Every structure is written in C-alpha cells, then in structure tokens.
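Trainee: A structural model of the following input is requested.
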Amino acid sequence: MSKSPIPSNFIPIGDGRGNPVANNMYGRDPYSVPLDEIDVSQPDLFYSNTQWGFFDRLRKEDPVHFCKESDAGPFWSVTKYRDIMAVEADHETFSSADRITLLQRKAELEKTSSFIGMDEPAHGDQRRTVQGVVAPTNLALLEPIIRERAAAIFDSLPIGETFNWVDKVSIELTTQMLATLFDFPFEERHNLTYWSDVATTQPGPGALVETDEEQFRILAEECLPAFTKLWNERVNQPPGTDLISMLAHGESTRNMQPMEFLGNLILLIVGGNDTTRNSLSGGVLALNEFPEQYQKLRDNLDLIPKLVPEIIRWQTPLTHMTRTALKDTTIGDKNIKKGDLVVMWYVSGNRDEDEIESPYEFIIDRPKPRQHLSFGFGIHRCMGNRLAEMQLRIAWEEIMKRFDHVEVVGDPIRNHSPMIKGFSELPVRLHAK
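Mentor: Okay, here's the model as predicted:
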C-alpha cells in the first residue's frame, strides 16, 4: 500500500461544490462497504490518498464494476491492466466523442471540443496536424533549451530553507516549456498554468472557480482571445514549428470554429502541464518514501532513464479517461449496454499485481519500466509522452548534479480531484552535495 500519510489537516470536502457526498467512501474500510455501493470517483479519496484499498478490492472481486449512483451519474469502472488496454484499443466499440472524463458536465465548458474527444477519422487528422511539435528532430532542438532553463531554476533555489517544490520547481519548469511549445509571450507564461488549473478544477466554494459559468467565462474571455491574437499573427506568416502556427496552417484545423479552437487549446495546455508538473513532485515524494531507492540513484546516475517511467507509473498524473459504448458489448463477464459510460482507471491498472511485480513498491531499476498505462494506449496514447520523459530526465540529471537530497519536510497537499492526481504543496528542504 502507499506509504503517503493522510495530511494532518485533512477535512473531507465532499463533491467540491459545497455539497456532502451521499454514501461517502472517505474514512471507511474498503471491505466494509457493500460492493455495489463503492464509488471510486469521489474527490475526497484522492485528496486524502485513500483510494488504493477500494481499487484493490475491485480488481480482486469485481474488476468491471458498476456504480449506479455518483456525482457524475452511473458508470462502469474498469480496473485491471489488460481490460483497460482492451477498451483503449477498441475505438470502434468505445467512443471518445461524448465525454472523456468524469468531470465533464452538461455545462458551458462542454460547448468546446478537441481532437482527444473525437473518433476517427477526425481525431487522427487533427492529431497529425500538431504531432510535429514532439517529433524527434524538434525534441533534439528543445533539449538544450530545457536543460538551460532547468539549470537556472535549480541554481536559484535556497539551500537549507523550506519552500514549496510545486510552486518553485514543478510549475515553473513546465510553464516555461509550455510557453516555448506555443511560442507564447514568455513574460505572460503563468497565464498558461492558471488556465490549465481553471480547466481542470472542480468548481465549488473555496475552489479556484466557484461555478461552471465562471470556469467557462475565464477560458472563453481570457484564454481564447489571447490565443486568437497569436493565431491571427501566425496565419499570415510562413508556417512555423510552434503549436499555434501548426493549427493555423493545418489542413484539418485552419477552419476551426472558436469553441473547437478553445477545446484544442485546453487539451494541449493541460496535456503539456499536468503529466510533467505532477510527476516532478511525485518523484521527489516517492524517493523520500523509499530512501533505499534514493541511495540506489545516488550510487548509479545511469538509472535516471529507468527512474523516469517508474515515477510516471507511480504517480499516474491522469487517473482515468472515459469512453461511451457505441453498441451492446462485454468487458470480462459483464454486459455493457449501448450508451453506458465506461471509466478506464489508469491509477488502478498501474497497481495491478497480475501485470506489474510489486506494484506498490517504487523500484527505479525495473526490467520493463515503461510497462504502465499513464500515457494511455492505442490511438489516444498521449502525444507528448517522449517530451514529458525528456523533461523529467533532464530535471533529474540537473537535480543530481547539485543536491545530495531533496528532503520532504511536511505532508503534501494533494489535488481535490478524481482526475488530475497531483499536488498543490510539497514542502521540501535542499541539501547540497
């Protein structure tokens, strides 16, 4: 089981909208809850890091589990590694076009669309338009830029003082990279992180945004106009290698309507932000929870290329994606009806003991370190997976040059989200070599 403690100041938040969750799972023994009442989508579970026992039980007793009532409506949970891969691979049976996460609601934000929420052939046409930004030749050009920026960030950090690693390192490094990919004004780069957080926030009292309407307004009235200005500049220039230029000149994207443009922007901003950002923090926490692995890394820096995918598996920054059944079908021994919502829980598949040896152990020299589901599978596999791995590899190479120990000195504060598995705070203290 995970060694991460429940934050000492944790208070159940409910659904994040000021409402208590009916049949709340938080604080309950997973084996004391009737099987048909288990709801693994509740944000309190992920905020408190107590979701693991529920997923363990589902994998053992009911790997394709029907939740008849939740804040997101009824859904099927697919929790085993191979079942998840089977659903991902069968895009003719399981569609992305209706919704792709449990957080999507029949609200303003659903007026947007993006290629991840499309089926073939539209999905492939639009994805290919921007794929070049993470082509091997472009990654080779980006590597020295990433290294220079990572080095500058690490050199600016205080030694021996407590600070929030999420804010000073994880957010800053990924925000700089996003600005480069979009060729976005560098001095305004923190808007990218803000818009990413707005898009993935569960609105409610005390949250970053309190209502669905406010969430949509910020994205439609702040994010969209900023990028429309860049679009208008670049559509009249020769094609460039940044994402906006690729979209403006792409055959399948150059005539997008504003809401489709906004949807693709949100996809690219969130995709470029959350995996790297939360894995940068998750890796520090994991190495502190498994100090013998930290020592193994100190003794052999050649393990960094294997460390990186293990961090991504361990953290699983995106907990799930959803699909909608286009026809009656089966998963395992369960009958799925046309129109049913199916949730692929990557966070559970990455702890499947039938596929991954000692899945609750953080092991930086696994024989097959890329055996994980954090990037998805099939036609919707994360486009930027090699870029994310490269950023993390460079970051850890630069960390290990400078610091003997990045020490976690307090409880992490996790996201209150059943979708983005990450952190808002990770207090650390640096020890120089």
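Trainee: from now on I want contacts and neighbour counts done on CA atoms only, so please keep to that.
Mentor: Noted.
Trainee: where does the stretch 101-250 of the chain dip in pLDDT?
Mentor: Segments of the stretch 101-250 of the chain classed as low confidence (criterion: pLDDT under 70) are 104-135.
Trainee: ranges for the helices of it?
Mentor: Assigned helices in the stretch 101-250 of the chain, in chain order: 122-130, 136-155, 165, 172-182, 190-200, 212-218, 224-234, 243-249 (criterion: DSSP state H, counting those that start in this stretch).
Trainee: how about the strands in the stretch 1-150 of the chain?
Mentor: Secondary structure of the stretch 1-150 of the chain (DSSP state E, counting those that start in this stretch): strands located at 64-67, 75-78, 94-95.
Trainee: list the helices and strands the last one packs on?
Mentor: Spelled out, that is strand 94-95. strand 320-325 (3 or more C-alpha pairs under 8 Å, 6 or more residues apart in numbering; DSSP states H and E).
Trainee: C-terminal to the strand it packs on, what's the next element?
Mentor: Once the chain leaves strand 320-325, the next helix or strand it forms, by DSSP states H and E, is strand 329-331.
Trainee: and after that next one, which helix or strand comes next?
Mentor: Heading C-terminal from strand 329-331, the first helix or strand you meet, by DSSP H and E, is strand 334-336.
Trainee: rewinding a little: in CSV: the helices of the stretch 101-250 of the chain, plus mean neighbour count and distance to Val33.
Mentor: As requested, the helices of the stretch 101-250 of the chain are arranged in CSV below (neighbours: other C-alpha atoms under 10 Å; distance: least, C-alpha to C-alpha, whole Å):
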stretch, mean neighbour count, distance to Val33
helix 122-130, 18, 40
helix 136-155, 15, 46
helix 165, 23, 37
helix 172-182, 22, 40
helix 190-200, 20, 29
helix 212-218, 17, 32
helix 224-234, 16, 45
helix 243-249, 24, 47
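Trainee: any chance of the ones you listed in TSV, with distance to Trp314 too?
Mentor: What follows is the helices of the stretch 101-250 of the chain, written out as TSV (distance: least, C-alpha to C-alpha, whole Å):
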stretch	distance to Trp314
helix 122-130	27
helix 136-155	23
helix 165	18
helix 172-182	19
helix 190-200	21
helix 212-218	30
helix 224-234	34
helix 243-249	29
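Trainee: the ones you listed: which one's closest to Arg298?
Mentor: Taking C-alpha to C-alpha as the criterion, helix 136-155 is the member of the helices of the stretch 101-250 of the chain that comes nearest to Arg298, at 17.6 Å.
Trainee: flag the shaky bits of the stretch 251-400 of the chain, pLDDT-wise.
Mentor: Segments of the stretch 251-400 of the chain classed as low confidence (criterion: pLDDT under 70) are 378-381, 383-384.
Trainee: which residues in it form helices?
Mentor: Ranges of helices within the stretch 251-400 of the chain are 258-289, 291-299, 304-315, 346-349, 385-402, based on DSSP H, counting those that start in this stretch.
Trainee: for the shortest one, what is the distance to the chain centroid?
Mentor: In this case it means helix 346-349. Taking the mean of its C-alpha atoms, helix 346-349 sits 12 Å from the chain's own mean (C-alpha atoms, centre = their mean, to the nearest Å).
Trainee: which residues touch that helix?
Mentor: 52, 55-56, 59, 79-82, 84, 316, 318-321, 372-374, 376 (C-alpha atoms under 8 Å, 6 or more residues apart in numbering).
Trainee: buried ones among those?
Mentor: Neighbour counting by 16 or more other C-alpha atoms under 10 Å classes 52, 55-56, 59, 79-81, 84, 316, 318-321, 372-374, 376 among the contacts of helix 346-349 as buried.
Trainee: related to what we said a few turns ago, least reliable of the strands of the stretch 1-150 of the chain going by mean pLDDT?
Mentor: The stretch with the lowest mean pLDDT among those is strand 94-95, at a mean of 90.
Trainee: closest one to His65 among the helices of the stretch 101-250 of the chain?
Mentor: Among the helices of the stretch 101-250 of the chain, helix 190-200 sits nearest to His65 (C-alpha to C-alpha), with 25.4 Å.
Trainee: how many degrees apart are the closest one and helix 172-182 in direction?
Mentor: An angle of 100 degrees separates the directions of helix 190-200 and helix 172-182 when computed by axes from the mean of the first three to the mean of the last three C-alpha atoms, to 10 degrees.
Trainee: list the helices and strands helix 190-200 packs on?
Mentor: The elements that helix 190-200 packs onto, with contact taken as 3+ C-alpha pairs under 8 Å, 6+ apart, are helix 172-182, helix 212-218, helix 258-289.
Trainee: so the first one versus helix 136-155, what angle?
Mentor: Translated: helix 172-182. Angle, helix 172-182 to helix 136-155, by the same axes, to 10 degrees: 150 degrees.
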